[in-house]
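In: Below is the structure, and that's it, no one-letter string:
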C-alpha cells in the first residue's frame, strides 16, 4: 500500500490519532512516511493542523496540505466563505502521487466523512481514492450509532469499487459499555471488512515517546502492528 486514504464515519471519531498511529507503526518498521491533509479547515495560517499533529505524535514524517481554510466547516463551504478556490480531487491525488515517489507510505487524511464535499461540483475524498486506486481505511466510533454510519460508508466504498481493507475504532473507552462491546462483533459484519485495530481513548494526549512505543499494539498485522482482534474481542465480550 504505497498510498492509504484514511476517512472517518464522521467528525471527531479519532481519525487524526489513528493516522498518527499508522504512521508511527510504519516508521517503527523502518518505512518512510508522508502525511497529506487533503483540506485543513478551522485553523489560521500559522496554527498547527492535523498533519502537524500527526508529526508531533508519530515522529519523522513528511507533512503536507493541499489547502487550509480558517472556518471549521466542510472544505467546500469553508472555501466559498473565504472567497478562495476550493480543493479539487485531482489536486489531492497529484500531491499524493508525487509524495509516493519519495516515500514508502503516503497517508491521505480526509476531512470528516467520505462524502464531505471539497467543491461545488461534488468532489470528495472518494474521488481522490479512485484517482489513486488506493485503499480506504475507515475510522469508526465505538459506541451506539456507529453501525449505521459504518455500513453506509462501507456500502458507498463498495458501490464505487474502492477497497476497504478494514475498520479501526478511533477511541476505545476505558470502561466500554454494552453497545461498544457488542460492536466488536457487529462492526466487521456491517462493514464486510475486518477490524484492524482499536486506539484507546486519550491516546492523543500521551507523550510522543509513549505514543510511538504503544502504537503498534493498537493496530493489526495488516497495518504492521501486533493487535489481535480475536483476543481483544474475547477480553471484552459482553
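Out: Everything's here; your move. Since we're looking at a predicted model, the values are computed, not measured.
In: Need the pLDDT of the residue nearest to residue 184 when sequence neighbours are not counted.
Out: Of all residues not flanking residue 184 in the chain, residue 233 sits nearest, at 4.6 Å (CB to CB, 6 or more residues apart in numbering). For glycine as for every other residue, the C-beta is placed from the backbone atoms N, C-alpha and C. On pLDDT, residue 233 comes in at 94.
In: quick one, what contacts residue 233?
Out: For residue 233, the contacting residues are 184, 185, 195, by CB atoms under 8 Å, 6 or more residues apart in numbering.
In: Repeat that for residue 36.
Out: 51, 64, 65, 66, 92, 95, 96, 99, 106, 107, 108, 109.
In: Next step: those residues restricted to helices.
Out: 51, 92, 95, 96, 99 (DSSP state H).
In: Same list (the residues you listed) but as TSV, adding neighbour count, distance to residue 81 and pLDDT.
Out: Output for the ones in helices among the contacts of residue 36, formatted as TSV (neighbours: other CB atoms under 10 Å; distance: CB to CB, whole Å; pLDDT from 0 to 100):
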residue	neighbour count	distance to residue 81	pLDDT
51	25	22	92
92	27	20	96
95	21	23	96
96	26	26	97
99	22	29	96
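In: ok, the closest residue to residue 178 other than its chain neighbours - contacts?
Out: Leaving out its chain neighbours, the residue that sits closest to residue 178 by CB to CB, 6+ apart is residue 238, at 5.7 Å. By CB under 8 Å, 6+ apart, the contact list for residue 238 reads 178, 181, 182.
In: let's see it at 10 Å
Out: 176, 177, 178, 179, 180, 181, 182, 183, 184, 185 (CB atoms under 10 Å, 6 or more residues apart in numbering).
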